[in-house]
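[1] no sequence on this one, just coordinates:
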């Protein structure tokens with residue numbers, strides 16, 4: 001059996017690849033940085049193949065699907081964030097983020113899902129964020145992209161259930177994780193981050209158990225639960241101050 005992992009050069013993607021490799025899966029590692037992929041492929045216990053491409057280009061996403069459509073698992077992990085007031089952040093950088101976080105995720109999910117559904121088997125795990133549950137002043141665009149990932153995943157999972165399909169679709173929604181994300185987005189978190197190794201092990205375990213929305217960590221779980229009962233005005237105030245303290 002084979003698994004394809006996007007954004008596999010570091011962080012959660014790399015650690016999910018490690019977990020799946022230990023479970024006996026052949027792993028296809030996808031990212032832009034060839035040196036990182038080669039290093040990871042060498043350390044994995046099982047067979048691994050690397051594929052370098054820029055997923056911000058829609059054509060590359062289609063080509064990736066055509067080449068690896070017969071995998072059994074898709075880990076839709078590629079993505080990044082941007083910190084700053086909406087009027088201060090660079091438009092081109094934001095559009096690139098939307099291309100990766102939303103468009104690439106959408107294309108790959110749709111292509112692989114239709115193929116998986118036709119054969120009635122397969123797993124798709126979309127990596128969202130706990131940010132998907134909140135408005136995100138100072139990271140407005142990033143939070144919005146992750147809300148898209150979560151809501152799309154939930155809706156499609158319901159469609160699959162109604163169709164009595166055996167294909168799995170789920171969303172991983174971690175809080176702060178100790179990865180390169182912090183440096184790329186230029187933020188610092190004030191609460192203790194989970195390790196990407198823990199998040200990867202937790203995510204894969206819940207995926208195979210059929211959990212649609214996967215939230216690692218007790219603190220983030222509680223935060224997500226209680227956010228449902230907080231008025232939006234107060235939620236925005238809290239969210240803004242959390243974001244402000246990251247700078």
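    Done, it's in. Remember, predicted model here, so these are calculated numbers, not experimental data. Numbering: from 1, shown residues only.
[2] give me the three-state assignment for residue 20.
    helix (DSSP: H, G, I helix; E, B strand; the rest coil).
[3] now residue 5
    Put simply, residue 5 is strand when judged by three-state DSSP.
[4] any idea which element residue 125 lies in?
    Here residue 125, judged by DSSP states H and E, is contained in strand 123-127.
[5] can you list contacts of that strand?
    With contacts defined as Cβ atoms under 8 Å, 6 or more residues apart in numbering, strand 123-127 is touched by 7, 12-13, 16, 72-77, 79, 105, 109, 112-113, 116, 149, 152-153, 167-172, 203, 207-208, 214. For every residue, glycine as well, the C-beta is placed using N, CA and C.
[6] where in this structure is pLDDT low?
    Applying pLDDT under 70 to the chain flags the ranges 179-191, 246-247.
[7] so how do I select the buried members of the contacts of strand 123-127 in ChimeraX?
    Buried subset of the contacts of strand 123-127, written as a ChimeraX selection, criterion 16 or more other Cβ atoms under 10 Å:
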select :7,12,13,16,72,73,74,75,76,77,79,105,109,112,113,116,149,152,153,167,168,169,170,171,172,203,207,214
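[8] can you list which of the contacts of strand 123-127 are found in strands?
    Taking DSSP state E as the definition of strands, these contribute 73-76, 168-172, 214.
[9] endpoints of stretch 12-30, how far apart?
    13 Å (Cα to Cα, to the nearest Å).
[10] pull out the buried positions in stretch 119-135.
    Buried-residue list, stretch 119-135, by 16+ other Cβ under 10 Å: 122-135.
[11] all strands for this protein, in order.
    Using DSSP E, strands in the chain cover 2-6, 26-31, 48-52, 73-76, 123-127, 168-172, 177-178, 194-195, 213-214.
[12] elements contacting the third one?
    Spelled out, that is strand 48-52. strand 26-31, helix 34-43, helix 58-68 (3 or more Cβ pairs under 8 Å, 6 or more residues apart in numbering; DSSP states H and E).
[13] ok, the strand holding residue 125: who's next to it in the sheet?
    Strand pairing for strand 123-127, using DSSP bridges, gives strand 73-76 (parallel), strand 168-172 (parallel).
[14] perfect, I'm done here.
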